[in-house]
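Asker: Build me a model:
(one chain, ligands or ions: 1)
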Amino acid sequence: MTETVASTRNQSDFLHADVETLPREKLEQLQLQRLRESVRNAWEHVPWHKPRLAATGLKSADDIKSLDDLQKLPFTVKTDLRDNYPFGLFARPRTELARIHASSGTTGKATVVGYTAQDLSNWADLVARSLFGAGARPGDIVHNAYGYGLFTGGLGAHDGATRLGATVVPVSGGGTERQVTLMADFRPRVLCSTPSYALAIAEVAEQQGVDLRQCGLAVGVFGAEPWSEAMRDEIEARMGLKARDIYGLSEIMGPGVACECEHRNGLHGWEDHFLFETIDPDTGKRVPEGEPGELVITTLTKQALPMIRYRTRDITRLARETCSCGRTHVRILRVTGRNDDMLIIRGVNVYPSQLEAVLVGRPGIAPHYQLVLMREGVLDTVRMEIEALPSVPTEQYPLLAADAAHHIKAIVGISAHVDVLAPGAIPRSQGKAVRVRDLRNQPKP
Ligand code: DLL
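Answerer: Numbering: from 1, shown residues only. Predicted coordinates for the structure are as follows:
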């Protein structure tokens, strides 16, 4: 089956055909060899890893005999990076680092990550491979509206698009009116941005009287935040492009850890550079393949910052059957949300993206929303702030609110108070959208 699928495709359908369609057995041989090297790198060069790895009972990385032995290794979590701030988990001297990125997070110190020149080169290869799989081609103009700077989105997409052989427009996030003008004038074939910022661009274009559907866009490569199929439909309709999902995180590399192909059937996680597992967040045990769990990633080739069983807090499912595109690499199904974002509303577990899926595309409602979390006694409650489309008269807002609350109750199973606000009332994002305002610990006025 695998071979039939792959053999109906040409080498030119892939950027790295040999490795993207490597039979699983060969892929796993490569992974085992690289896993040993990666563990050796951590063991020998990062003092923090040494006692933790020694405590597993393994004498050295060579004792790893199969990929199943991965389960003997300890997890790494975000606070481990913070506790070793800034360079404590690096496996290379600072002078060998070519670049540093950092994510600010909401509390405490930033999470700092580093790359050797070889790490940057591998990253560029993986983003180029991802962009190609998503439909970008050498020679395309890539309008890159991911934020440049310490965030990995901007420079990560930039280097990958350059490696692909595209012409990059390094516009970064913000200055949305100018973005629209540039898009109308340069006619990029590819747009890279967060999905929420893509919508903000679409909205400003409409206000400026620019029809982005006529501007030559063909592919959007959107990620860095959870988004729903409803949001995909909305962006595709308003921009006239095919929207693809790209996933990644700075602790592991940045964008390009996984990306959708044209079949939109999960994101191909690049298994020649990473090992993917899903675990039960409470017990730490692996969940059966295909069941939802917390995504855990081990890096196989990172020199500067090898990561062993990094707990991403992202909830997803893995599928390992070969995709219709012929790629053999695991498919990571759409990340619906982070463990930390999960709300428990009167006993029901809810991710903001589930509410998004219900609301986006409903008649009269604009695709911008925020959830306000509050506490009544011991129970968490949620108020949804949504926006009416400009065409809706204010008298109809209560009707819209009732309709939205009804659908949330019917589909997600929670009672939410819905407020319909005037067009433009919800802040627009220039990067990752802020979907939740948490007022639970605020003193009552
Ligand atoms: O957001 C890297 C990135 C940049 C990915 C551009 C894609 C495009 P961080 O800032 O470290 O890195 O945030 C990582 O963002 O653990 C997820 O919770 C979330 N995330 C990233 N991509 C997706 C996605 C970048 N496609 C965190 N769907 C991750 C859902 C995503 N969540």
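
Asker: check contacts around Gly223.
Answerer: 194-195, 245-248, 255, 259 (CB atoms under 8 Å, 6 or more residues apart in numbering). All C-beta spots, glycine's among them, are computed from the backbone N, C-alpha and C.

Asker: if you set the cut-off to 7 Å instead, what comes out?
Answerer: 245-248, 255 (CB atoms under 7 Å, 6 or more residues apart in numbering).

Asker: Same question for Phe276.
Answerer: By CB under 7 Å, 6+ apart, the contact set of Phe276 is 269, 295, 297, 318, 330, 332.

Asker: give me the residue from the stretch 301-445 of the chain nearest the ligand.
Answerer: Val335 (3.7 Å; CB to the nearest ligand atom).

Asker: Contacts made by stretch 21-32 with the rest, please.
Answerer: Against stretch 21-32 from outside (CB under 7 Å, 6+ apart): 2, 6, 14, 66-67, 271-272, 275, 300, 326-328.

Asker: would you turn those residues into JSON lines with pLDDT?
Answerer: Formatted as JSON lines, the contacts of stretch 21-32 follow (pLDDT from 0 to 100):
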{"residue": "Thr2", "pLDDT": "44"}
{"residue": "Ala6", "pLDDT": "49"}
{"residue": "Phe14", "pLDDT": "97"}
{"residue": "Ser66", "pLDDT": "98"}
{"residue": "Leu67", "pLDDT": "98"}
{"residue": "Glu271", "pLDDT": "98"}
{"residue": "Asp272", "pLDDT": "98"}
{"residue": "Leu275", "pLDDT": "98"}
{"residue": "Leu300", "pLDDT": "98"}
{"residue": "Gly326", "pLDDT": "96"}
{"residue": "Arg327", "pLDDT": "97"}
{"residue": "Thr328", "pLDDT": "97"}
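
Asker: Determine which two of those residues are furthest apart.
Answerer: Across these, no pair lies farther apart than Phe14 and Ser66, at 28.4 Å, counting by CB to CB.

Asker: hmm, back to that, I figured the residue of the stretch 301-445 of the chain closest to the ligand was touching Asp314, is that so?
Answerer: Yes: using CB atoms under 7 Å, Val335 is in contact with Asp314, at 4.7 Å.

Asker: Among the contacts of Phe276, which lie within strands?
Answerer: 269, 295, 297, 318, 332 (DSSP state E).

Asker: Show me what from the protein comes close to the ligand.
Answerer: Proximity of the chain to the ligand, by CB under 6 Å from any ligand atom, involves residues 103, 146, 151-153, 223-226, 245-250, 254-255, 312, 314, 335, 338.

Asker: Going by proximity to the ligand, name the top residue of this protein.
Answerer: Gly223 (3.1 Å).

Asker: and Ile201, that's in a strand?
Answerer: No: assigned with DSSP: H, G, I helix; E, B strand; the rest coil, Ile201 falls outside any strand and is helix.

Asker: Tell me the pLDDT of it.
Answerer: pLDDT recorded at Ile201 is 98.

Asker: what about it, neighbour count?
Answerer: Using other CB atoms under 10 Å, Ile201 has 26 neighbouring residues.

Asker: about what we covered before: just the residues of the chain next to the ligand: which are in strands?
Answerer: 103, 223, 245-249, 254-255, 312, 314, 338.

Asker: May I see those organised as JSON lines, with distance to Trp48 added?
Answerer: Output for these, formatted as JSON lines (distance: CB to CB, whole Å):
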{"residue": "Ser103", "distance to Trp48": "20"}
{"residue": "Gly223", "distance to Trp48": "30"}
{"residue": "Asp245", "distance to Trp48": "33"}
{"residue": "Ile246", "distance to Trp48": "31"}
{"residue": "Tyr247", "distance to Trp48": "27"}
{"residue": "Gly248", "distance to Trp48": "24"}
{"residue": "Leu249", "distance to Trp48": "20"}
{"residue": "Gly254", "distance to Trp48": "22"}
{"residue": "Pro255", "distance to Trp48": "27"}
{"residue": "Thr312", "distance to Trp48": "19"}
{"residue": "Asp314", "distance to Trp48": "24"}
{"residue": "Arg338", "distance to Trp48": "25"}
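
Asker: quick one on the thing from earlier: quick check: bridge partners of the residue of the chain closest to the ligand?
Answerer: Ile246 (DSSP bridges).

Asker: How confident is the prediction for it, by pLDDT?
Answerer: 98.

Asker: residue ranges of the helices in the stretch 301-445 of the chain, please?
Answerer: Secondary structure of the stretch 301-445 of the chain, counting by DSSP state H, counting those that start in this stretch: helices at 352-359, 397-411.

Asker: now those as TSV including mean neighbour count and mean pLDDT?
Answerer: TSV is the format used below for these (neighbours: other CB atoms under 10 Å; pLDDT from 0 to 100):
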stretch	mean neighbour count	mean pLDDT
helix 352-359	22	93
helix 397-411	15	96
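
Asker: will you turn these into TSV that also has distance to Thr21?
Answerer: Formatted as TSV, the helices of the stretch 301-445 of the chain follow (distance: least, CB to CB, whole Å):
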stretch	distance to Thr21
helix 352-359	31
helix 397-411	39
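
Asker: Kind regards, and thank you for your time.
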